[in-house]
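Asker: no sequence for this one, just the structure:
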């Protein structure tokens, strides 16, 4: 969906709720955290009053508040750290005009009991389990997809405009003089099919470098059985590389291979490669056609044989066209402007009465004093203002949902 770039022109008080597992921005792996980092800095630059709820080792132009001094990576997926982090943020919801949730499921589940309107960005795929969850909370908050493909997989949610993820374009070195190797970067797993990238590069007579983390369990087994036997002089695994090294490799590579075997909702790494002027050859799956322009910024293929054929044609792609495509469609400025438009849509809608309710009401509340015992404030911006409770509109839709879903509600259960 098209979104104007002028965006919202008034200052808003915006809470950005990141997951507690990885610092913002990340040192290596962490696509969501990169998006949150870029969005916070852009919104501050555009004059908004932004608070980021994240781990205390994060770095942001926004005001930073943290329950945990360091990212809880070792406890990834555990309920307790997530519950402490999300609930601490929502206790002071009254300080904000809108809460933008990137954290997972708890924010959505708690949103009916918070007066401030919430936007939840769908960063992951729809599965059988997540469909059931989001179906239960379809109207509890507002949602935005990160691709039109993702939105099409569950169109019944309370959507605002789709917003593509962004890349720190200026932070990527741009090179037109490429070296003669292919590159693939990402978590080593069967869904990303690095073994197919190796086979394609080998068949085309091109050296290939691989980088990415290997998680214990199924991913480790995949690497040992499908990838490791193919490694050698012409196929080298570099391990999980830091961000600076990743960007340098992307700028040097002749092409980036992305033989994805599942319907990825976006695929940020493709935009990152193109930002460095490196064309992408990707399997036609998920949101790939929304990121790569076939024949202009790379090639979209249907199988490994077609990937091999396109490797022989990779020099047809202009590195400048790759960079320009990312600047025009996936820049931090464009993403921030698109989210401003969504915020502008949501805040008035939160005041609209539901069909069975009277007019929306105006309330004023203060952030709960108990918040201070859980969540510390670490301001990374010299101009970050002190917070105070403020007035905002809430309306019939949210009141009705809350009334019908509390334990003592006649409709609950």
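Answerer: Received the coordinates, thanks. As the structure is a computational prediction, the values presented were derived from the model and not from experiment.

Asker: show me the helices in the stretch 201-350 of the chain, by range?
Answerer: Under the criterion DSSP state H, counting those that start in this stretch, the stretch 201-350 of the chain contains helices at 218-222, 243-252, 268-275, 288-291, 304-311, 319-329, 332-349.

Asker: oops, could you answer that again for the stretch 51-200 of the chain instead?
Answerer: For the stretch 51-200 of the chain, the helices defined by DSSP H, counting those that start in this stretch cover 79-91, 106-110, 128-136, 148-152, 194-203.

Asker: out of the ones you listed, which gets nearest to residue 259?
Answerer: When the helices of the stretch 51-200 of the chain are compared by Cβ to Cβ, helix 194-203 sits nearest residue 259, at 4.1 Å. C-beta coordinates here come from the backbone N, C-alpha and C atoms, glycine included.

Asker: that closest one - contacts with which helices or strands?
Answerer: Judged by 3 or more Cβ pairs under 8 Å, 6 or more residues apart in numbering; DSSP states H and E, the packing partners of helix 194-203 are strand 181-185, strand 207-211, strand 235-237, strand 255-258, helix 304-311.

Asker: next, format those as a markdown table and append distance to residue 95.
Answerer: Putting the helices and strands packed on helix 194-203 into a markdown table (distance: least, Cβ to Cβ, whole Å) gives the following:
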| stretch | distance to residue 95 |
| --- | --- |
| strand 181-185 | 39 |
| strand 207-211 | 41 |
| strand 235-237 | 47 |
| strand 255-258 | 41 |
| helix 304-311 | 51 |
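
Asker: need the winner for burial among the ones you listed.
Answerer: A comparison of the helices and strands packed on helix 194-203 by mean neighbour count, using mean count of other Cβ atoms under 10 Å, puts strand 255-258 on top with a mean of 28.

Asker: rewinding a little: could you say which of the helices of the stretch 51-200 of the chain is packed most deeply?
Answerer: Stretch with highest mean neighbour count among the helices of the stretch 51-200 of the chain: helix 194-203 (a mean of 22; mean count of other Cβ under 10 Å).

Asker: quick one: contacts of that one?
Answerer: Applying Cβ atoms under 8 Å, 6 or more residues apart in numbering, the contact partners of helix 194-203 are 182, 184, 186, 188, 207-208, 210, 212, 226-227, 230-231, 234-235, 257-259, 261, 281, 304, 307-308, 311.

Asker: quick one, domains of the protein?
Answerer: Using automatic domain parsing, the domains assigned to the chain come out as 13-166+332-405, 169-329.

Asker: make TSV from these and add mean pLDDT to it.
Answerer: As requested, the domains of the chain are exported to TSV (pLDDT from 0 to 100):
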stretch	mean pLDDT
domain 13-166+332-405	82
domain 169-329	97
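
Asker: how much space between the nearest residue to residue 228 once chain neighbours are set aside and residue 140?
Answerer: Distances taken as Cβ to Cβ, 6 or more residues apart in numbering put residue 237 closest to residue 228, at 7.7 Å, once the chain neighbours are dropped. As judged by Cβ to Cβ, to the nearest Å, residue 237 and residue 140 stand 43 Å apart.

Asker: before we move on, what about residue 329?
Answerer: Using Cβ to Cβ, residue 329 is found at 31 Å from residue 140.

Asker: neighbour count winner among the two?
Answerer: Neighbour totals were compared for residue 329 and residue 140, and residue 140 leads with 25 against 18 (other Cβ atoms under 10 Å).

Asker: isn't that one up against residue 105?
Answerer: No - assessed by Cβ atoms under 8 Å, residue 140 is found out of contact with residue 105, at 11.3 Å.

Asker: still on that earlier bit, and the helices of the stretch 51-200 of the chain: which comes nearest residue 288?
Answerer: The closest of those to residue 288 is helix 148-152. By Cβ to Cβ, the value is 8.5 Å.

Asker: please compute how far the closest one lies from its chain's middle.
Answerer: Helix 148-152 sits 15 Å away from the centroid of its parent chain (Cα atoms, centre = their mean, to the nearest Å).

Asker: over to stretch 84-93?
Answerer: Taking Cα atoms, centre = their mean, one finds stretch 84-93 lying 20 Å from the centre of the chain it belongs to.

Asker: make residue 1 into 529 and carry on from there
Answerer: Happy to do that; since the first residue is 529 now, the last one works out to stretch 612-621.

Asker: picking up where we left off before, okay if I get the helices of the stretch 729-878 of the chain as a markdown table plus distance to residue 641?
Answerer: Formatted as a markdown table, the helices of the stretch 729-878 of the chain follow (distance: least, Cβ to Cβ, whole Å):
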| stretch | distance to residue 641 |
| --- | --- |
| helix 746-750 | 37 |
| helix 771-780 | 38 |
| helix 796-803 | 32 |
| helix 816-819 | 35 |
| helix 832-839 | 49 |
| helix 847-857 | 37 |
| helix 860-877 | 18 |
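
Asker: deepest-packed of those, please.
Answerer: By mean neighbour count, with neighbours taken as mean count of other Cβ under 10 Å, helix 796-803 ranks first of the helices of the stretch 729-878 of the chain at a mean of 27.

Asker: tilt between it and helix 847-857?
Answerer: Per axes from the mean of the first three to the mean of the last three Cα atoms, to 10 degrees, the angle that helix 796-803 makes with helix 847-857 is 130 degrees.

Asker: re the thing from before, turn the helices of the stretch 579-728 of the chain into TSV, including distance to residue 574.
Answerer: TSV is the format used below for the helices of the stretch 579-728 of the chain (distance: least, Cβ to Cβ, whole Å):
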stretch	distance to residue 574
helix 607-619	22
helix 634-638	24
helix 656-664	30
helix 676-680	25
helix 722-731	39
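
Asker: for the closest residue to residue 766 other than its chain neighbours, give me its contacts.
Answerer: Of all residues not flanking residue 766 in the chain, residue 739 sits nearest, at 4.4 Å (Cβ to Cβ, 6+ apart). By Cβ under 8 Å, 6+ apart, the residues touching residue 739 are 711-713, 765-769, 773-774, 777.
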